[in-house]
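> Only the shape, not the letters, is given here:
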């Protein structure tokens, strides 16, 4: 079984950045870059990474990113730097440190937005793009749920409390998760400090990115950016109960890009959806 190892790099403004890698560096198939959601970390991709790196027929190297302010990367003393363009530059810095110049990109939520920016502006880096629960237009109800999650400080005292708190927030969109799944999520979302207190694995100042977003002031759609990715192969994964990516948005993506492949995910993990599309990430884009 392949093992994970850490990759470090320094951002242009001096922050230490972290990524988590697994799989053969000399694999003939293209590597995969995993970009997590707004407050999530590289560990979100562990299950997918283990499956892709350990594939007996087409093993791949997988590199998953911790943006600044998340996971093993430094927090930014200036919260105004928690932006998609700056985080996109950090991703390219880590990709270079990993020796990756071209890859299949797997972007979840915030990671999908970052991936779209790179696909539109630096398409030579993107052999194919998997957009997981993200598109050019976001449902404001889902965004407001995220804003509500970011606002209060962490109050969980035990791992069980942390897991129950996550379940209360997200059970409506992830009803298939088991108690073990919620606990695994909690152990990715929190860590213990030197005093044994549970703290979140992201900088609470990231909440500032939602200061200007409200029901009355949703973010502008990104259809122009989407249209700039005309030459990049795309796969869209949407959770059946997603409150962030609507069916209508995916339908419009398909209308604009007839070659877009779509998966409606009724399971609890992206891994199964990726297995459904082994042909997409295997034979078609493995050069």
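Done, it's in. What you are looking at is a predicted structure, and each value in this text was computed from that prediction instead of being measured.
> Residue 25: what's it in contact with?
Going by CB atoms under 8 Å, 6 or more residues apart in numbering, residue 25 touches 61, 99. Just so you know, the C-beta spots here come from the backbone N, C-alpha and C atoms, and that holds for glycine as well.
> I'd like the distance between it and residue 53.
Applying CB to CB, to the nearest Å, the value for residue 25 to residue 53 is 11 Å.
> Touching both of these two, which residues are there?
Joint contacts of residue 25 and residue 53 (CB under 8 Å, 6+ apart) are residue 61.
> Just give the nearest non-adjacent residue to residue 158, would you?
Sequence neighbours aside, residue 198 is the residue nearest to residue 158 in space, at 7.6 Å (criterion: CB to CB, 6 or more residues apart in numbering).
> ok, the one you found - contacts?
Contacts of residue 198 (CB under 8 Å, 6+ apart): 154, 156-159, 162, 190-192.
> All the helices of the stretch 51-200 of the chain, in order from the start?
Ranges of helices in the stretch 51-200 of the chain, per DSSP state H, counting those that start in this stretch, are 84-97, 110-121, 140-150, 159-170, 179-189.
> I'd like to know how many residues surround residue 221.
By the measure other CB atoms under 10 Å, the count of residues near residue 221 is 14.
> ditto for residue 193
Per other CB under 10 Å, the neighbour tally for residue 193 reads 9.
> go on, residue 195?
Residue 195: 6 neighbours (other CB under 10 Å).
> roughly how far apart are it and residue 157?
Between residue 195 and residue 157 the computed distance is 12 Å (CB to CB).
> hey, where'd the strands end up in the stretch 1-150 of the chain?
5-10, 16-22, 32-35, 62-66, 103-108, 126-132 (DSSP state E, counting those that start in this stretch).
> Quick one: closest of the ones you listed to residue 49.
Closest of these to residue 49 is strand 62-66, at 3.9 Å (criterion: CB to CB).
> Sheet partners, orientation included, of that closest one?
Next to strand 62-66 in the sheet, as set by DSSP bridges, lie strand 16-22 (antiparallel), strand 32-35 (parallel).
> in stretch 170-179, what's buried?
Neighbour-count burial for stretch 170-179 flags 170, 173-174, 177 (criterion: 16 or more other CB atoms under 10 Å).
> now, which of those sits nearest residue 123?
Nearest to residue 123 out of the buried residues of stretch 170-179 is residue 173 (CB to CB; 31.9 Å).
> in the stretch 1-150 of the chain, what spans have low per-residue confidence?
Along the stretch 1-150 of the chain, the parts satisfying pLDDT under 70 run over 1.
> spatially speaking, which residue is in the middle of this structure?
By CA atoms, centre = their mean, the mean C-alpha position of the chain lies nearest to residue 36, the distance being 2.0 Å.
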